[in-house]
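In: what follows is a predicted protein model with its sequence.
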Amino acid sequence: MAKPPTRSSNSTRASPSPTSTATLDIGAGSGRDAAALADQGHVVVAAEPTAELRSLGQQIHDDRDIEWVDDSLPEMRMLRSRGQRFNLILLTAVWMHLDELQRSLAMESIADMLAYEGRVVLSLRHGPVPAGRRMFNVSAHETIELARGHGLGVVHHSEREDPHARQGVRWSCLGLQQKTAVG
């Protein structure tokens, strides 16, 4: 097993670390994770549907080799139409913004874009929903069962308190891989 990338964030600790991994950061925001992965030599596609965040990320990280695309879950229409496969698919604080039907469709999209022996790393936020935000209560168990239904097995599962010490907030981190690659 390859050594995971070294980062201060918990989001990629369950990820593989070949020198040039085709990586997709879904819901990339301003590109913090995409930039860290690009700095490690990964070939990164950052999918961010919000034009303002995508533009900010392009400006902040214009010195890094990141392909920015306007695409989103659940369908990931643009990237799926290219038929591209990724060794690492990262979803940091994204999954709980999708409702139950969207999560089912999204897991299908993710499994479809995952390369053989590739991994999915996702974080789930649990706790009170901030005012004005659209979030759903999604358990790690529910996500694991959904992943299994799409041929993905669990290679990592951890729980942690909120790094910002927000009252009642905690996080789950899941690493998923095709069952045939898991064994």
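Out: That came through fine. Residues are numbered from 1 along each chain as shown.
In: pLDDT on stretch 147-167, on average?
Out: For stretch 147-167, mean pLDDT is 91.
In: and the end-to-end length of it?
Out: By Cα to Cα, to the nearest Å, the extent of stretch 147-167 from end to end equals 29 Å.
In: so which bits of it are buried?
Out: Within stretch 147-167, the residues that count as buried by 16 or more other Cβ atoms under 10 Å are 147, 150-155. (C-beta placed from N, C-alpha, C; glycine too.)
In: one more: stretch 60-73?
Out: When burial is assessed from 16+ other Cβ under 10 Å, stretch 60-73 yields the following buried residues: 61, 64, 66, 68-69, 71-73.
In: ok, the buried residues of stretch 147-167 vs G27, which is closest?
Out: Checking the buried residues of stretch 147-167 against G27 with Cβ to Cβ, the nearest one is A147 at 17.4 Å.
In: distance of the closest one from H126?
Out: Distance, A147 to H126, using Cβ to Cβ, to the nearest Å: 18 Å.
In: and if you look at M78?
Out: On the measure of Cβ to Cβ, M78 and H126 end up 31 Å apart.
In: so between the two, which is more surrounded?
Out: Taking neighbours as other Cβ atoms under 10 Å, M78 and H126 compare with H126 leading, 17 against 13.
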